[in-house]
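Engineer: sharing a model prediction with you, sequence too.
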Amino acid sequence: MSIRNLFPTLLSDQSTHNLFSRLNNEMTRILDDFESGNAMDKRPGNLSFLTTKMDCSETDNFVEITVEIPGVKEEDINVELNGRLLSISGKREARKDEKQKEYQIIERESGSFIRRLDLDFDADPDKVSASVDAGVLTVTIEKPEHTKSKKQKISVKSKNAVG
């Protein structure tokens, strides 16, 4: 699966690959921030861009994306599939009593987020499911039959075996 590769994987060293993979993911997230038109304004009361952490895993039959979205209501989450492009977006509203209090510390962000993944296959929208539990969104995409791995055990025989 590719996620808008900004850096080609030329090195075989796994730790270097992980470093470039994390950097690639962060660069993609930053570019998505600007594409979405969200300001990076963090003043209280203004909607800003939320930072979301995402994991993407793959098996022979499924791709699973998990996104941390604490405090985001189910009705404020949007998952869309457009061909090979999966978009996950949402928003967390600012606290209602914000203007009535003088805050000393504000660390809980409000605002919107968007994450996009370019899949290696055209997914069937009827075979995509999404659920949220304890602030974690899980999107499961069933792979089309032609992309599923066709593993088959091959028996190994001795060259000297007669048969």
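Structural biologist: Perfect, thanks for sending it.
Engineer: which residues in the chain form strands?
Structural biologist: Under the criterion DSSP state E, strands of the chain are mapped to 48-49, 54-58, 62-68, 77-82, 85-92, 111-118, 128-133, 136-142.
Engineer: show the average pLDDT along the second one.
Structural biologist: Average pLDDT, strand 54-58: 93.
Engineer: around residue 21, how many other residues sit close by?
Structural biologist: 15 (other Cβ atoms under 10 Å). Quick note: C-beta positions are derived from backbone N, CA and C, even for glycine.
Engineer: can you check the one 4 residues further on too?
Structural biologist: Close neighbours of residue 25, defined as other Cβ under 10 Å, add up to 18.
Engineer: read off the pLDDT value for it.
Structural biologist: pLDDT, read off for residue 25, is 74.
Engineer: what about it, distance to residue 134?
Structural biologist: Residue 25 sits 23 Å away from residue 134, taking Cβ to Cβ, to the nearest Å as the criterion.
Engineer: what do you get for residue 83?
Structural biologist: In terms of Cβ to Cβ, residue 83 sits 31 Å off from residue 134.
Engineer: shaky segments in this structure?
Structural biologist: By pLDDT under 70, the low-scoring segments of the chain are 1-18, 32-49, 95-99, 149-150, 161-163.
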